[in-house]
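S.K.: Here you go, sequence then predicted model.
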Amino acid sequence: MTLATIPILDAWYALGGGSLRGKRGQAFWRDGDGYSVAVNAAKGTWYDHRDGCGGGVLALVETALGCDRRAALQWLEAEGFIEPRTLTHEQRLEHAQRRGTASTVALDIAHWRSALTSELNARKLAAAQADDDEALGGAARLCNVLENGSAEKIVQEFIRHRANDPAGVARLLATGRARDLEAQRITAEVVLLLAAVEGSRDAA
């Protein structure tokens, strides 16, 4: 992946940026001050209306980390956004496999989330008709997490609900909470992928 093809929202969330409102985000590198940063996912650019600066992914990394170009490129390499020139063929295959696994897991989570949200909405309707406030409240709380929660929270709910999943997807993510570095990396990429999907929807 080259600098020009890095999805800016992926970099935004990896740097610690929060969810967007419309196409605006908070300048998290200065603890935020309202939604003063415009992020254009289609063009891969951002602009800070308070400070009057902006640019592409590289400028975002430099600004967010307060570093120079070289350090920003090193960060992008370390996070897997760009491939180091020293990467071996085997390492590239490993990276591609990990990214593929993360994409598959993220798709599984997205399908699970959509199906459970529909089921919860049906439960809410039934509970309201039956005047069951406890059931209504429980379904509403979980539905709110699935519809408005962060990518990390959604992954946590997925692990909790699918801990005994025979396909092993949730088990793989749960392992990432331990000391399996490969599973941790996959989990991190899943969170990024889910966050990017949410960001793209907000920016549309």
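M.R.: Arrived safely, thanks for sending. Numbers count the residues shown, from 1 in each chain.
S.K.: what's around Asp10, how many residues?
M.R.: Neighbour count of Asp10, defined by other C-beta atoms under 10 Å: 21. In short, each C-beta sits where N, CA and C put it, glycine included.
S.K.: ok, it touching Ile82?
M.R.: No - counting by C-beta atoms under 8 Å, Asp10 does not reach Ile82; the two are 11.7 Å apart.
S.K.: any residues in contact with both of the two?
M.R.: Jointly contacting Asp10 and Ile82 under the rule C-beta atoms under 8 Å, 6 or more residues apart in numbering is no residue at all.
S.K.: Excluding sequence neighbours, find me the nearest residue to Gly32.
M.R.: Setting aside the residues directly before and after it, Gly32 is nearest to Gln26 in space (C-beta to C-beta, 6 or more residues apart in numbering), at 3.4 Å.
S.K.: these two touch, right, the one you found and Ala38?
M.R.: No - distance between Gln26 and Ala38: 11.6 Å, which falls outside the contact criterion (C-beta under 8 Å).
S.K.: hang on, the earlier thing: list the residues that contact the residue nearest to Gly32.
M.R.: Gly17, Gly18, Gly32, Asp33, Gly34, Tyr35, Ser36, Val37.
S.K.: one more time with 10 Å
M.R.: Taking C-beta atoms under 10 Å, 6 or more residues apart in numbering as the criterion, Gln26 is in contact with Gly17, Gly18, Ser19, Leu20, Gly32, Asp33, Gly34, Tyr35, Ser36, Val37.
S.K.: how much space between it and Ala106?
M.R.: Taking C-beta to C-beta, to the nearest Å as the measure, Gln26 and Ala106 are separated by 25 Å.
S.K.: can you check Val37 too?
M.R.: Distance, Val37 to Ala106, by C-beta to C-beta: 25 Å.
S.K.: More neighbours: which of these two?
M.R.: Neighbours were counted for Val37 and for Ala106 using other C-beta under 10 Å; Val37 has more, 27 against 22.
S.K.: residue contacts, the more buried one?
M.R.: Contact partners of Val37, counting by C-beta under 10 Å, 6+ apart, are 12, 17, 20, 23-29, 46-51, 53-54, 60, 63.
S.K.: Filter the residues you listed down to the buried ones.
M.R.: The neighbour count (16 or more other C-beta atoms under 10 Å) marks 12, 17, 20, 23, 25-27, 29, 46, 48, 54, 60, 63 as buried among these.
S.K.: From those, pick the one nearest Ser118.
M.R.: Top of the list for closeness to Ser118, among the buried ones among the contacts of Val37 and by C-beta to C-beta, is Leu20 at 25.1 Å.
S.K.: Surely that closest one and Ile8 touch.
M.R.: No - if you go by C-beta atoms under 10 Å, Leu20 and Ile8 don't touch, sitting 11.0 Å apart.
S.K.: show me where pLDDT drops low in the protein?
M.R.: Applying pLDDT under 70 to the predicted model, the residue ranges of the chain that meet it are 1, 84-87, 163-204.
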